[in-house]
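Trainee: Could you look at this predicted model? Sequence included:
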Amino acid sequence: MNGRKRALAAIAAAAFAAAAQLAIAQASAPSADEIVRSSRDRIESKTVSTRSRMVIAAKDGGETERLVDQYSSDEGGQSKAVVVFQKPQSVAGTRFLTIANEGREDDRWIYLPALGKVRRIAASEGSSSFMGTDLSYDDVSSSDRPVDKDSHKLLREEKLEGKEAWVVESTPKESGYQYSKMISWIEKSTRIALKIELYDRKGELVKILEILKYEDKQGRLTPVLTRMSTVKAKTSTTINVEIIKYDDPIPSSVFTTKFLETGRP
Amino acid sequence: MRIIKTLAACALCAAAILAAADAQEGFGFGAEAEPEDAAAPSGFGLASGPRIGGSLEIGGILFFDELDDIGSVSLGELYSARLSIDAAGSKVDALLKLKASRAIIEERPAEIIDEARLRLFVGGVSIEGGLMKLSWGKADSQGPLDVLNPLDLRDLSVTDSMERKIARPMLRAAFAIGQATKAEAVFLPGFEGYRIATEGRWRPAQFDQLEAQLDYLVFLGAPATLDATYDSLASALETSSLAHSQAGARMTTSLGPVDLGFQYFYGYLPTPAVKFSGGALPTSVELGYDRYHQVGADFAAVVAGFNTRAELAANLTEDLEGDDPGVYNPSLAFSLGFDRDLFAGVNLNLQYAGSYRLKDDAIDRSATSFDIEKGTGALSSALTCVLMKSLFKDALSLKLSGIYEFDDEDFLVMPSAAYALGDAEIELSAGIFGGDEGGQMGQYADSSYLRLVIGYSF
C-alpha cells in the first residue's frame, strides 16, 4: 500500500491526476470506494523520482516555464515528498517538503533562497497557487490524500473520447478542503483518471485536469502529459514529465529540512 | 587598489565555481539533465555546469519633498544589476553574487561583491567560508536572533531584509544529527556595525543632537578636541582585527509539529555607543561597540492554521549593573508573530518585536548625565503588519506593509503593487513615514517616496 502511494506521489503535476485515477478491472460493478482505492493503489513502487516541465499559459497566449524535480518515498509507512525548482533562475533553489502524518496535519516546509531560511507553512495554505502555476499546494500533494477523507459516488458510465469510463463524484468529508467536490472520468481498461473536474466551495467548476498522454514506464502506465486548466481565468498549466524513475534509491536524508537548505542529502 | 582586490576575489571565486562544476557527482537530476538522461543507469549523479542568473532593474524614486522644486528631482539610482554564478560538485559548491549601481561603481567598488561563498561537504559535515549572509532565527524580518550580519541603513527606502544585510567574512561548520536536528558553529574574524548615513536625507537626527552636545561642551570649557563630527568619530573605529572576532553556535530540531532552535553568540552590539570620559566636563569622547553574550531560543509551529513563530534572547553586555553610562545595559529581546490566509487568498502577517532593558532603574537620568540610554524607556517595541494578496496566479501581487513603533509613536506605511510579465516585473511602491518627528521613523516624514521599478530576472 505504501509503495503504491509513494509511486503516485512522484509526479508533482500529475500527482493530482494519479491520486484520483480510478482502476476498475473487476468484471462486476465495483463500488465507488473500491474504484477510488484501486486507482490510488494502481502503481506499485518504493520510490519515484521525476523531472517535469511546467508550461504556464496565460489568457493572452503568453507562456512561461518551470522545470521541477520531485522525489517521493513511503519508507517507514510515512509518505514524504520533496519538490525542487530548477528553472527559471528566478525561482531556482526553491524547495518544498511535505511529510504526511497519521492523525494530524501534514508537516510542510518551504525554502526560499531570497529568505535564506526554511519556513514551516500550514496545510491551510494548500489552496494557494503552487509557484504561480494552475496547481495549488493541495493539488501537488493530493496523491497522499486518504481515500476515506472523501465520500465517493458512482454517477454513471459513459465514453470519454472513445474510451469507456466510470464517472465518480468525490465529496470531501471535511468542510475546510478547497474543493466541494471532484468528478472523475476513470478509464475502465487502465483505471486511469482521464479527466477530473474540480468544484469550489460554492459549487462552481473552477479547474479541469486532463491526462493528455500516458506511457508505459518500467511496466507501469504513467501519465506523461497532463494539463490543469483554470476555467474562469482561461489559463492552464501543462506538465510534461520528461524523466521518471521508479524504485531509484533516494537517501532518507533528502526528506529533511537540511536538504531544503543545501540541496544535499 | 580596492578594485584590484575585488577583481582578484571575483577571479578566485569564479575558479572555485568552475572547479566545483567539474566535480559534480551529487544527488538528483542536476540542473541541466535532459529527457534522454532517463536512460542512464541511475537518475542521480548527473553533471551540471555553472549556472548564471541575475537581474537588471531600471526605475526611479520620487521623494515627496522634491515636488516643491521639480528641478531638484534626482530619481535616485536609475539602474541596478545583479549577477549570480553558482555551481555544485559532489563534495563542494560555490556561489558568487555581484551587484552594481552607479553609487557602487563610483563610490564603493568594494561592495560589488555581494556574496562569495565556498562550501565543502565532508561526510555529514558541511564547512563553508567566504563573504556570507546567513539568517538565524525564525522571525520573518530581523528577529533578535538574526545577529550574524549587520544592516546597511544608509538608504531606508531599501526594505528587503536580505538586501539590507551586509555580507561578512565568516566560517561555518554544520552537521546533521539524525533526520531532524542540525548543529552549526560560526566564526567571524572581525566585526562591522550597522552602516548609517552620515550625510543626506537618511542621516539620523541623533547625529545632529550629538554634535550639538559636543559643541555645547566645548562652549562650557571642555577641550576643543571634543568638537568632533559623528563621521570623524566613526572613522576612528577599527574593528576588523582578530581581536574583534565573534563566534556563535546554534542547534535546530523538529519535534513533531514544532520546530525549535537554541543559540549562543558572543559578539558586538551593532549600534555604536558614545563614551565620554573625564567627569562632569568630559575631556574626551569616542565611539565604541559593546561586547555582549547572547543566549536565545526560537519556536515555530502551525497552531489552528496559524503559522506561529517566536524568538527570545537575553543580551548580556558588560554593564551588568546598568550604571555604566557608556555601555548599553543588558536586555531581553523578543519577537512574536504569525501569518495566516484569511479570506479570498489574503494573507496576514503580524509580528510584534522589541526589547526590554534590564537594570533600567540604575540609569542616571539627571541633566548632567552622559548615559547613552537616559532618553529612552525600558521597553522598546514595534508592531509590523503585512497584508498580501496575489491575483492571476501570482502575476499581480498586492502588498500593504506597516510598522508602528509604540515608544516613539511613529510609523512607516508601504503599499506596493507588482505585476509579472513572464520573468519581467513592474513594481510601483511607496514609503510613507509619519508620527512623532523625533522618532526613529517619524523624523523622515519629508523623505516619504514613490518608486517605480521595472526588473527582469534571468
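Mentor: Received, thanks.
Trainee: Quick check: phi and psi at A:Tyr179.
Mentor: phi -110, psi 140 (degrees, to the nearest 10).
Trainee: Just give the closest residue to it, not the sequence neighbours.
Mentor: In this structure, A:Tyr179 finds its nearest non-sequential neighbour in A:Leu198, 5.0 Å apart by Cβ to Cβ, 6 or more residues apart in numbering or on different chains. C-beta coordinates here come from the backbone N, C-alpha and C atoms, glycine included.
Trainee: Same check on A:Lys163?
Mentor: Once flanking residues are discounted, A:Lys163 sits nearest to A:Glu187: 4.9 Å by Cβ to Cβ, 6+ apart.
Trainee: just to revisit the earlier point, which secondary structure element is home to the residue nearest to A:Tyr179?
Mentor: In the assignment (DSSP states H and E), A:Leu198 maps to strand A:193-199.
Trainee: Strands of the stretch 101-250 of chain A, residue ranges please.
Mentor: Along the stretch 101-250 of chain A, the segments classed as strands by DSSP state E, counting those that start in this stretch run A:107-112, A:117-121, A:150-160, A:163-172, A:181-187, A:193-199, A:205-217, A:220-230, A:235-246.
Trainee: what packs against the strand or helix carrying B:Tyr356?
Mentor: In this assignment (DSSP H and E), B:Tyr356 forms part of strand B:346-357. With contacts taken as 3 or more Cβ pairs under 8 Å, 6 or more residues apart in numbering or on different chains; DSSP states H and E, strand B:346-357 sits against strand B:331-341, strand B:379-391.
Trainee: Tell me which of those is the most buried.
Mentor: Ranked by mean neighbour count, the helices and strands packed on strand B:346-357 are led by strand B:331-341 with a mean of 21 (mean count of other Cβ atoms under 10 Å in any protein chain shown).
Trainee: related to what we said a few turns ago, could you tell me how many residues sit around the residue nearest to A:Lys163?
Mentor: 24 (other Cβ atoms under 10 Å in any protein chain shown).
Trainee: Report the contact partners of it.
Mentor: A:Leu160, A:Lys163, A:Glu164, A:Ala165, A:Ala193, A:Leu194 (Cβ atoms under 8 Å, 6 or more residues apart in numbering or on different chains).
Trainee: Surely the residue nearest to A:Tyr179 is in contact with A:Ser229?
Mentor: No: when contacts are counted by Cβ atoms under 8 Å, A:Leu198 is not listed as touching A:Ser229 (10.0 Å).
Trainee: shared neighbours, the two?
Mentor: Joint contacts of A:Leu198 and A:Ser229 (Cβ under 8 Å, 6+ apart) are A:Lys207, A:Ile208, A:Leu209.
Trainee: Chain B contacts on the stretch 151-265 of chain A?
Mentor: Contact residues (Cβ under 8 Å from any Cβ of the partner chain) of the stretch 151-265 of chain A with chain B: A:230, A:233, A:235, A:242-245, A:248, A:251-258, A:262-265.
Trainee: in the stretch 51-200 of chain A, what residue is nearest chain B?
Mentor: A:Gln89 (3.2 Å; Cβ to the nearest Cβ).
Trainee: ok, now how distant is that residue from A:Gly116?
Mentor: A:Gln89 sits 17 Å away from A:Gly116 when distances are taken as Cβ to Cβ, to the nearest Å.
Trainee: before we move on, back to that, bridged to the residue nearest to A:Lys163, which residues?
Mentor: With DSSP bridges as the criterion, A:Glu187 is bridged to A:Ala165.
Trainee: still on that earlier bit, show me which of the residues of the stretch 151-265 of chain A next to chain B are buried.
Mentor: A:230, A:233, A:235, A:242-245, A:248, A:254-258, A:262-265 (16 or more other Cβ atoms under 10 Å in any protein chain shown).
Trainee: OK, contacts around the closest residue to B:Leu379 other than its chain neighbours?
Mentor: Spatially, and ignoring its direct neighbours in sequence, B:Leu379 is nearest to B:Tyr356 (5.2 Å; Cβ to Cβ, 6+ apart). Applying Cβ under 8 Å, 6+ apart to B:Tyr356 gives the contacts B:Ser331, B:Leu332, B:Ala333, B:Phe334, B:Ala378, B:Leu379, B:Ser380.
Trainee: Give the helix, strand or coil label for the residue lying closest to the third one once chain neighbours are set aside.
Mentor: Right, B:Ala333. Once flanking residues are discounted, B:Ala333 sits nearest to B:Pro144: 3.4 Å by Cβ to Cβ, 6+ apart. Secondary structure, DSSP: H, G, I helix; E, B strand; the rest coil: B:Pro144 is coil.
Trainee: so B:Pro144 makes contact with B:Ser355?
Mentor: Yes: using Cβ under 8 Å, B:Pro144 is in contact with B:Ser355, at 7.1 Å.
Trainee: shared neighbours of those two, anything?
Mentor: Going by Cβ under 8 Å, 6+ apart, residues that sit against B:Pro144 and also against B:Ser355 are B:Asn315, B:Ala333, B:Phe334.
Trainee: Could you double-check that the first one sits in contact with B:Asp290?
Mentor: Think B:Asn315. No: contact between B:Asn315 and B:Asp290 fails when scored by Cβ under 8 Å: they sit 9.5 Å apart.
Trainee: what sits in contact with each of those two?
Mentor: What both B:Asn315 and B:Asp290 touch, as defined by Cβ under 8 Å, 6+ apart, is the set B:Leu269.
Trainee: Tell me the residues of the stretch 51-200 of chain B that contact chain A?
Mentor: Selection of the stretch 51-200 of chain B residues close to chain A by Cβ under 8 Å from any Cβ yields B:51-55, B:84, B:88, B:93, B:119, B:121, B:126, B:133-135, B:138, B:160-162, B:176, B:179-180, B:182.
Trainee: taking those one by one, which sit in strands?
Mentor: If you go by DSSP state E, those have B:51-55, B:84, B:88, B:93, B:119, B:121, B:126, B:176, B:182 in strands.
Trainee: residues near A:Tyr71, how many?
Mentor: Neighbours of A:Tyr71 (other Cβ under 10 Å): 29.
Trainee: Phi, psi for whatever residue of the stretch 201-350 of chain B ends up closest to chain A please.
Mentor: Going by Cβ to the nearest Cβ, chain A is nearest to B:Gly305 of the stretch 201-350 of chain B, at 3.9 Å. Backbone dihedrals for B:Gly305, given as degrees, to the nearest 10, come out at phi 80, psi 0.
Trainee: Let me know whether it touches A:Ala122 as I believe.
Mentor: Yes: judged on Cβ under 8 Å, B:Gly305 makes contact with A:Ala122 at a distance of 5.3 Å.
Trainee: Please consider this matter closed, and thank you.
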